[in-house]
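Visitor: Would you be able to build a 3D model of this:
(chains A and B)
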Amino acid sequence: GDSVTQMEGPVTLSEEAFLTINCTYTATGYPSLFWYVQYPGEGLQLLLKATKADDKGSNKGFEATYRKETTSFHLEKGSVQVSDSAVYFCALSGTGANNLFFGTGTRLTVIP
Amino acid sequence: NAGVTQTPKFQVLKTGQSMTLQCAQDMNHNSMYWYRQDPGMGLRLIYYSASEGTTDKGEVPNGYNVSRLNKREFSLRLESAAPSQTSVYFCASSYPRWSRNEKLFFGSGTQLSVL
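Guide: Just a heads-up that it's a prediction; the model follows:
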């Protein structure tokens, strides 16, 4: 079945460091891919998405490229800020699916 | 803007007790969802309602019931709580009817402990 595998956390970085959070997926057909972010005490909110191969989603300095050849959707940011501290979830919606499949989440802490 | 509102935010139950988690959205969304979030497992869909008057099971429906009271409200009921239901519960909504590309709007969650 459809699934998402996300890198284990937690991840601790210094401010202005480069961030990569790995995400790979298993799906039949052509899924849509998402990154959601959960700030402390809040619900999840959509960060970015990509709906077909080679699409790049971007928002708030974060980027992720839908790579069908490597079945990946890694999240990157060139220079993280303290305000980026949160839990990041990779998610997949498969062809014909009526559900989002979420990864386990990666907690990011950015220290000044 | 309120968005998706869940109550309560925290709850402690004893095994065998019952309770209802409430969820309401003010965005005129058609579809609503209940997820649970457990450490190391991400979010899993319990039940969803694609439109007013319909409900369907998700991945982990056992031990739960839902009611789509009207377009705004979607409640989750635990009839006889078990320790395995200790989790953080999230309600979400989307518009229009769920499609592959549609984003979900989440509430801030209910932290439930069953002793």
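Visitor: Does stretch A:32-51 reach chain B?
Guide: Yes: Stretch A:32-51 is in contact with chain B by CB under 8 Å from any CB of the partner chain, via A:S32, A:F34, A:G41, A:E42, A:G43, A:L44, A:Q45, A:L46, A:K49, A:T51. Backbone N, C-alpha and C define where each C-beta goes, glycine included.
Visitor: tell me the pLDDT at the residue nearest to A:N22 when sequence neighbours are not counted?
Guide: For A:N22, ignoring the flanking residues on the chain, the nearest one in space by CB to CB, 6 or more residues apart in numbering or on different chains is A:M7 at 4.2 Å. Confidence at A:M7, expressed as pLDDT, is 84.
Visitor: Then the one 5 residues further on?
Guide: Taken from the predicted model, the pLDDT recorded for A:T12 is 97.
Visitor: what's the distance between it and A:T109?
Guide: Distance from A:T12 to A:T109, counting by CB to CB, to the nearest Å: 5 Å.
Visitor: Count the residues that sit near B:V88.
Guide: Using other CB atoms under 10 Å in any protein chain shown, B:V88 has 16 other residues around it.
Visitor: Which of the three states applies to it?
Guide: strand (DSSP: H, G, I helix; E, B strand; the rest coil).
Visitor: The one 4 residues further on too?
Guide: Following three-state DSSP, the label given to B:A92 is strand.
Visitor: Let me know the pLDDT of the residue nearest the centre of chain B.
Guide: By CA atoms, centre = their mean, chain B has its centre lying nearest to B:W34, at 2.5 Å. Looking at B:W34, its pLDDT stands at 96.
Visitor: How about the residues of chain B by chain A?
Guide: B:4, B:40-45, B:48, B:50, B:56, B:58-59, B:90, B:92, B:98, B:100-101, B:103-109.
Visitor: Which ones among those map onto strands?
Guide: B:V4, B:G42, B:L43, B:R44, B:L45, B:Y48, B:D56, B:F90, B:A92, B:F105, B:F106 (DSSP state E).
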